[in-house]
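**Q** dropping the sequence and predicted coords here.
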Amino acid sequence: MADDQQGEQPKPPAPPSGSEAPKPEGEAKPAAKEATPPAAAAPKEAAPKPAPPPKAPVPTPQPWDSDLVRALRGSFPDLILEPLSYLGQNYIIVPPESILPIAIYMKTEAGFDMLADLTAVDYPKREKRFDVVYLLYSFPKNERLRLKLALGENEPVESVVPVWGTADWLEREAFDMFGIRFDHHPNLRRILLPDEWEGYPLRKDYGILQQDVKWVQENLHIESGQ
């Protein structure tokens, strides 16, 4: 019995529950994992530019008919009249030589008792260089209408001062700025510039900085007005 007890070796205590068993000495520890750098973000592609909207078609003048047009043609059957409408604005192209009788008719028969404005447009490359535009207004009808006629470089047109008194200064302004002459005007002379001024500032071939140097030097006694 004693020999049996002496030969029995004591057992090592069991490791506590939940703890790892001790590793033998000399065993290499696993290397820590290296952190991998995040992949570089791919550059964002620029958003495609939206396609430009389609261009709207340019409106063109359309033939215009009305009771006034028919009455005017009935009163002047031998004249070539071109009634048109553009963006809701009505106008009639008339022969230059007939502007005075047409103006009388428009005031006395059609009720356009006011000449609201008279102006011109310069088209230097066109054979008939100028458009003269008469803007009429009817108080009884509360209606507007334009008369237009085309003139060449040195072609005069009859004055409508006998019909509308406001044409006096309006025709003078068109003469002053464009050089358009109105026959039988009671006092056709410049209204904005001096009478001796050379050139017509609203013509397309008159430079924006252009001036009558001679007049400036003789009357203002300076070399230039610029």
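**A** Cool, the structure landed. Numbering: from 1, shown residues only.

**Q** what residues does the helix or strand harbouring Glu173 touch?
**A** Using DSSP states H and E, Glu173 maps to helix 167-178. Identification of contacts with helix 167-178 by C-beta atoms under 8 Å, 6 or more residues apart in numbering yields 115, 117-120, 122, 130, 132, 159-161, 180-182, 185-193, 200-203. Just so you know, the C-beta spots here come from the backbone N, C-alpha and C atoms, and that holds for glycine as well.

**Q** give me the mean pLDDT for that helix.
**A** The average pLDDT within helix 167-178 is 97.

**Q** which element follows it toward the C-terminus?
**A** Next in sequence after helix 167-178, counting helices and strands by DSSP H and E, comes strand 182-183.

**Q** in ChimeraX, how would I select just the buried ones from the contacts of helix 167-178?
**A** Only the buried members of the contacts of helix 167-178 enter the following ChimeraX selection, criterion being 16 or more other C-beta atoms under 10 Å:
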select :115,118,120,122,130,132,159,160,161,180,181,182,185,188,191,200,201
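
**Q** among the contacts of helix 167-178, which lie within strands?
**A** Leu115, Asp117, Leu118, Thr119, Ala120, Asp122, Phe130, Val132, Phe182 (DSSP state E).

**Q** so what's Asp183 bridging to?
**A** Here Asp183 sits in beta bridges with Glu158, going by DSSP bridges.

**Q** can you classify the most centrally placed residue in the chain by secondary structure?
**A** The centroid of the chain falls nearest to Val58 when counting by C-alpha atoms, centre = their mean (12.4 Å). Per DSSP: H, G, I helix; E, B strand; the rest coil, the secondary structure class of Val58 is coil.

**Q** quick check: it vs Arg126, distance?
**A** To Arg126, Val58 is 19 Å away according to C-beta to C-beta, to the nearest Å.

**Q** again with Glu82
**A** Counting by C-beta to C-beta, the gap from Glu82 to Arg126 is 16 Å.

**Q** for Pro63, same thing?
**A** Distance of Pro63 to Arg126, computed by C-beta to C-beta: 22 Å.

**Q** domain ranges for this structure?
**A** 62-192, 196-226 (automatic domain parsing).

**Q** report pLDDT for Ser66.
**A** 96.

**Q** likewise for Ala51?
**A** pLDDT recorded at Ala51 is 85.

**Q** so that it lines up with my notes, have the first residue be 514 from now on.
**A** I'll keep to 514 as the first residue from here, and by that count the last item is Ala564.

**Q** that one - how many residues pack around it?
**A** Neighbour count for Ala564, taken as other C-beta atoms under 10 Å: 6.

**Q** same question, Ile612
**A** Neighbourhood size, Ile612 [other C-beta under 10 Å]: 20.

**Q** can I assume it sits in a strand?
**A** No - assignment of Ile612 by three-state DSSP gives helix, placing it outside any strand.

**Q** do you know how far it is from Asp591?
**A** Distance, Ile612 to Asp591, using C-beta to C-beta: 15 Å.

**Q** cool, and Pro637?
**A** Remark: distance between Pro637 and Asp591 (C-beta to C-beta) = 32 Å.

**Q** which one's more surrounded, the two?
**A** Pro637 (10 against 6).

**Q** surely that one is in contact with Lys717?
**A** Yes - here Pro637 reaches Lys717: they are 4.8 Å apart, a contact under C-beta atoms under 8 Å.

**Q** how far is stretch 648-662 from where the chain is centred?
**A** 25 Å (C-alpha atoms, centre = their mean, to the nearest Å).
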